[in-house]
Structures are given as structure tokens and as C-alpha cells.
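Enquirer: Starting from these lines, generate the structure:
(chains A and B)
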Amino acid sequence: MALLFPKRTKYRKQQRKRGAFKRKATRGCEVAFGDYGIQALEAAWLTQQQIESARTALSRAIGRGKIWIRIFPDKPYTKKPAESRMGKGKGNVEGWVAVVLPGRIIFEFAGVSPEEAKEAHRLVSAKLPIPTRLKTRFHFGGEEK
Amino acid sequence: MRLIVRKRSDREKPKALRRQGWVPAVVYGPHLDSTPIAVEYKALERLIARITRATKIELECDGERHFVFIKELQRDPITDRFLHVDFYAPEPGQIMSLDVPIRLVGTPAGVKAGGILEHIHEQIPVEGPLEAIPPYIEVDITELGLDEALLVKDLPLPEGLRPLLPEDEAIVTILPPKVLVTEEEVAEEEEAVAEAAEAAPSAEEGKEEEEGES
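Expert: Numbers count the residues shown, from 1 in each chain, chains lettered A, B, ... in the order given. Prediction:
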């Protein structure tokens, strides 16, 4: 799978949005598709490379299970060339990131045992720049399998 | 299932309530104005551990009794603690639409053959009279084989209930196992193809030679 980024955007560059990290996620916080989810515990910009690297690790860890990616890197970030002086406008688009807030489910997966899920989470968390936790799908007590 | 709650005034702040071991909640219905209440956290936890989302609960509030369903349950995304509950008190005989969980029984034959069980809809939205709504729908899936699916029309719904999903929608599917191909295997396959390609022209040459001799 190639790196994720939008097919087309209305504007090439975006502002960073200072203060966006000062809150918890309110959407995408529950495991909605699979049996397990990997949940962010801190805020971060996850780059397309980090997402792909973690996805590959998860895919190899769970083998024949199914994976859902719950985030998408739709925010471009820019960088000025090395040794260039300040000014002369905003830098060039360097890559794409997904803004992840605490509580956000990053990946979901299904078709593995609890032990395999725990090991998969360990391997995936090594590829991510923030602490994460393994979250199981919420069920009422009478709905447990 | 019974739950004892108390009324709360608008002046009680939800955060303070939670600190004291209560969960702010609200109960409302067609014949009941929205009433703010508070539930003891431990009692709510015990109740949630025993019910499904379609279980009818007897709510006792300062001497009044209401039969209610949990309409919405808010949880903290990180700590998973209950933050707020919405109880809905329907009128007797009211036609309701709500999600009823599906309980799967048995191990499908397809899973024994190495397939992966995908439970697409863990609950199904249904519509029907209040009295006909069961706490869950139990369905036997032992005969499901590889690449087979349990559809909405196969569900044993109680009389009077109508599913709000299309009849052909799959509830459970048994996916065939995905075969992981490693780089070594790919390299081996490529080698085998290359060898076969090399061997093929030589065999043809051999044939031509044989034909020439005859």
C-alpha cells in the first residue's frame, strides 16, 4: 500500500492551528468496526510514513486478520529548504499528517486472539511517536460473546 | 432489572456529582417531561454488566416507577468512565425503533476450516411494539461454511418486529483465510517461472530436432 494522502485539495498549504492539541478527541473514540482498537493517549501529528509503517507492522503481526485505518493524513505540512534565509514566503509542502488528539482510535483490527492483539499493539506502538493503548470494543455485559 | 435513582436539581454541577460517586442522567418520554436525575456509579456499573442495550429497566425515582431503555450512554474516551446516561420511557404499546444485539451461538464450520468470522452488524435496528422487543436475538451459526453469510432475512425475529435493514444485508460472513506471501516465496516463485521459461524453448528445440531426424 502506498503512502496515504488526498487526491486533490482546494488549497495547497494550511496554517498549523496553534492550540489544536489542547483538547481530547470527541469523535472516533470508540472501537466501531473491529474487535480491538489502538487508541492515542497523547496529541500528535502522525505523518503518512508513520501511519504506513505502523499499518505494515500491524498487518504482519495479525497475519490473516482484518484491519481498519481510522485516521487519514489530510493536512499538508511545509518546510523551508536547508540553509535558506528567513522570509520569502512559506516553504514547500514536505508531506502530509493526520492530527491525532488523545482518545482517537488510530487502527482497528479483528480476527485475532487477545494474546495476539496484545503483541500486535506492542509492535505497532513501537512505530508511533505517542503512547497508545489497546482498547476493546465496548459491549453491555449481556452482549459479551 | 431495577435501578434506584434520585432527582437532581439544575444547580448541582455534573462534575461535582461525578466526584461524589454519582452519574448525571436524564429521563424523558412521550408522557414524561425531561427530568434530570442522578444514578449511583456503582449501581450503574453493576446494571450495565448484566443487561443489553435493548433490556427494559425498571427505574425507581423518589417513589415513581418508570419502565425505561438506555437511549444513550456517554463515556470518557480515555478513562472509559460513564459520564452521562439518557433513559427513554416509552408508553405501553408504543411502536419503537431501537437496536437489538445479535448473540451468535456455536462455532461455524467455516471457522473450523480456517476462515475468519466477521460480525458485520453486532446489533440490528428493528421496529415494533414495545412488548415484542427482546433483550437480544439468538442465532445458531454452526452450519455457516467458508464464503457463506447469515443475512437479515435468516434472523429468527419475534412476531411483530420488522428489521430496518435490507433483507439481503449480511449480518455475519465467514471470510476465507488470507494467505500471507513472504518475499522468499515470491522469489522462489519467480525463479520457478524463469526456469520453466528457460526449459520451454529447449524442449521445443528438442522437438524440432526430433522432427528433422524423422
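
Enquirer: Closest to the centroid, which residue in chain B?
Expert: The structure's chain B has its C-alpha centroid closest to B:Glu122; by C-alpha atoms, centre = their mean the separation is 2.0 Å.

Enquirer: so how far is chain A from that one?
Expert: 7 Å (C-beta to the nearest C-beta, to the nearest Å). Using the backbone N, CA and C atoms, a C-beta is placed for each residue, glycine as well.

Enquirer: Spatially central residue in chain A, please.
Expert: Chain A has A:Ile106 as the residue nearest its centroid, 4.2 Å off, counting by C-alpha atoms, centre = their mean.

Enquirer: you'd agree that one is in a strand?
Expert: Yes. Counting by DSSP: H, G, I helix; E, B strand; the rest coil, A:Ile106 is found in a strand.

Enquirer: that older thread, could you list which residues are in contact with the residue nearest to the centre of chain B?
Expert: A:139, A:143, B:101-102 (C-beta atoms under 8 Å, 6 or more residues apart in numbering or on different chains).

Enquirer: one step back: quick one, what contacts the residue nearest to the centre of chain A?
Expert: Counted by C-beta under 8 Å, 6+ apart, A:Ile106 has contacts A:37-40, A:46, A:51, A:54, A:69-71, A:100, A:128, A:132.

Enquirer: And for A:Gly91?
Expert: Counting by C-beta under 8 Å, 6+ apart, the residues that A:Gly91 touches are A:78-81.

Enquirer: pLDDT and secondary structure for those - can I get that in a markdown table?
Expert: Putting the contacts of A:Gly91 into a markdown table (pLDDT from 0 to 100; DSSP: H, G, I helix; E, B strand; the rest coil) gives the following:
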| residue | pLDDT | secondary structure |
| --- | --- | --- |
| A:Thr78 | 96 | strand |
| A:Lys79 | 95 | strand |
| A:Lys80 | 95 | coil |
| A:Pro81 | 95 | coil |
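
Enquirer: Quick check: of those residues, which lies closest to chain B?
Expert: Closest approach to chain B among those (C-beta to the nearest C-beta): A:Thr78, at 30.7 Å.

Enquirer: Next up, the contacts around the closest one.
Expert: A:13, A:90-94.

Enquirer: Those in strands, which ones?
Expert: A:92-94 (DSSP state E).

Enquirer: Strands of the chain, residue ranges please.
Expert: Picking chain A for this. Taking DSSP E as the criterion, chain A contains strands spanning A:36-40, A:44-47, A:66-69, A:75-79, A:92-100, A:105-110, A:132-136.

Enquirer: oops, chain B please
Expert: Counting by DSSP E, the strands of chain B are B:2-7, B:22-29, B:32-40, B:57-61, B:64-75, B:82-88, B:95-105, B:116-119, B:123-129, B:137-140, B:149-151, B:162-163, B:170-175.

Enquirer: returning to that earlier point: most neighbours among the ones in strands among the contacts of A:Thr78, which one?
Expert: For those, the largest neighbour count, defined by other C-beta atoms under 10 Å in any protein chain shown, is 15 neighbours, found at A:Val93.

Enquirer: Now distance to B:Leu47 too, for the strands of chain A, in TSV please.
Expert: Below are the strands of chain A laid out as TSV (distance: least, C-beta to C-beta, whole Å):
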stretch	distance to B:Leu47
strand A:36-40	25
strand A:44-47	37
strand A:66-69	31
strand A:75-79	42
strand A:92-100	34
strand A:105-110	26
strand A:132-136	20
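
Enquirer: ranking these by burial, who's on top?
Expert: With neighbours defined by mean count of other C-beta atoms under 10 Å in any protein chain shown, none of the strands of chain A is more surrounded on average than strand A:36-40, at a mean of 26.

Enquirer: elements contacting that strand?
Expert: Judged by 3 or more C-beta pairs under 8 Å, 6 or more residues apart in numbering or on different chains; DSSP states H and E, the packing partners of strand A:36-40 are strand A:105-110, helix A:114-125, strand A:132-136.

Enquirer: would you turn the ones you listed into JSON lines with mean pLDDT and distance to B:Leu73?
Expert: Shown next, in JSON lines, are the helices and strands packed on strand A:36-40 (pLDDT from 0 to 100; distance: least, C-beta to C-beta, whole Å):
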{"stretch": "strand A:105-110", "mean pLDDT": "95", "distance to B:Leu73": "18"}
{"stretch": "helix A:114-125", "mean pLDDT": "96", "distance to B:Leu73": "24"}
{"stretch": "strand A:132-136", "mean pLDDT": "96", "distance to B:Leu73": "16"}
